[in-house]
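Participant: what shape does this take:
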Amino acid sequence: MRRLPYSLLFFAASIIVFVLQLIPVTGVFLMLVLAVLWSVALVNAGMIGVALEAAAGRVSRWWLVLPLAFYGGYWAFAALDHITLWRLTGSYDAANARVVTGFDPASQALVFEKDGSGAWLTQNYALPVVYSVNANFPEGYLSHRLMDSEACKRARSPEAQAAFVHAFGFHDGDAVGSRHLERRFCSLSMPERPDLPMVRVMQQESRTQVGSLPIRRTVTTITMPNGRRFELLGGVASPLKWLPMPMMGCGLNSGAAKWQCFA
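Facilitator: Residues are numbered from 1 along each chain as shown. The predicted structure is shown next:
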């Protein structure tokens, strides 16, 4: 019976690949061949290999502790992440379900304090127009409308574009594979100040962590013309995937103009 499993060589290979990535000359080539992902396959292959060698009796059964601790500990943390996400989703949905603003697009103007989802809302909901604050124009606002193809053609004239009237195409469909370029309509934007009482929408993002789960939390504050405020909760969470994916590598950080490594 051997003292050490041959599968430990997978871990050694992973370390060697990481060290080679620390050196920019070899690291650039390895970055092009996605070496940062190699450790995912190498570490998992090592853990599974150790388990198989121990189970087959080629090495001591005590070596089973290594993969059991690795996968058991990882899956425990992954399960906690998914439970936390499930609880947060339920609490956010319950809080949002209680929000009833009474917004009326016929008598009120929906205004985003920053460029937000205005164009997307007019593309997907029966909203005649949505506005966003824009200090680059004397009007102080941009309007966003869904227009038919004939109006889109007129909006693409040099005269319209000189007046900052722009028509944008967009893709429609729910799933990625079924999305297609919408040819019947376009999104029209132009400088325009709302005439109706404004319902203002402001979104604020913050990064936080609940337990071990990292969250990018979004709070959407809706302020009605009478000053009454409502809050909608949302965000993006990144729970651990069920398959361990340990990554080690380096890459060029063009923003900071430096060779940057991580594990």
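Participant: need phi/psi at residue 105.
Facilitator: The phi/psi pair for residue 105 (degrees, to the nearest 10) reads phi -60, psi -20.
Participant: mind listing what it touches?
Facilitator: 126-128 (CB atoms under 8 Å, 6 or more residues apart in numbering). Quick note: C-beta positions are derived from backbone N, CA and C, even for glycine.
Participant: now do residue 227
Facilitator: Not one residue lies near residue 227 by CB under 8 Å, 6+ apart.
Participant: any idea how far it lies from residue 221?
Facilitator: Relative to residue 221, residue 227 is positioned 12 Å away (CB to CB, to the nearest Å).
Participant: cool, residue 252 as well?
Facilitator: 39 Å.
Participant: repeat for residue 14
Facilitator: 47 Å.
Participant: residue 102: what secondary structure?
Facilitator: coil (DSSP: H, G, I helix; E, B strand; the rest coil).
Participant: grab the nearest non-local neighbour of it.
Facilitator: Nearest residue to residue 102, sequence neighbours excluded (CB to CB, 6 or more residues apart in numbering): residue 224, at 7.5 Å.
Participant: ok, now residue 126?
Facilitator: Leaving aside its sequence neighbours, residue 126 sits nearest to residue 105 (CB to CB, 6+ apart; 7.8 Å).
Participant: need the helices for the chain, in chain order.
Facilitator: Taking DSSP state H as the criterion, the chain carries its helices at 8-22, 24-32, 38-55, 65-97, 118-124, 149-155, 158-162.
Participant: one step back: okay, residue 14 and residue 221: which has more neighbours?
Facilitator: Using other CB atoms under 10 Å, the more surrounded residue of residue 14 and residue 221 is residue 14, with 20 against 14.
Participant: what's the spacing between the nearest residue to that one once chain neighbours are set aside and residue 146?
Facilitator: Excluding its sequence neighbours, the residue lying closest to residue 14 (CB to CB, 6+ apart) is residue 42, at 4.1 Å. Going from residue 42 to residue 146 by CB to CB gives 51 Å.
Participant: export the helices of the chain to JSON lines and tack on distance to residue 168?
Facilitator: Shown next, in JSON lines, are those (distance: least, CB to CB, whole Å):
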{"stretch": "helix 8-22", "distance to residue 168": "41"}
{"stretch": "helix 24-32", "distance to residue 168": "35"}
{"stretch": "helix 38-55", "distance to residue 168": "39"}
{"stretch": "helix 65-97", "distance to residue 168": "29"}
{"stretch": "helix 118-124", "distance to residue 168": "7"}
{"stretch": "helix 149-155", "distance to residue 168": "9"}
{"stretch": "helix 158-162", "distance to residue 168": "12"}
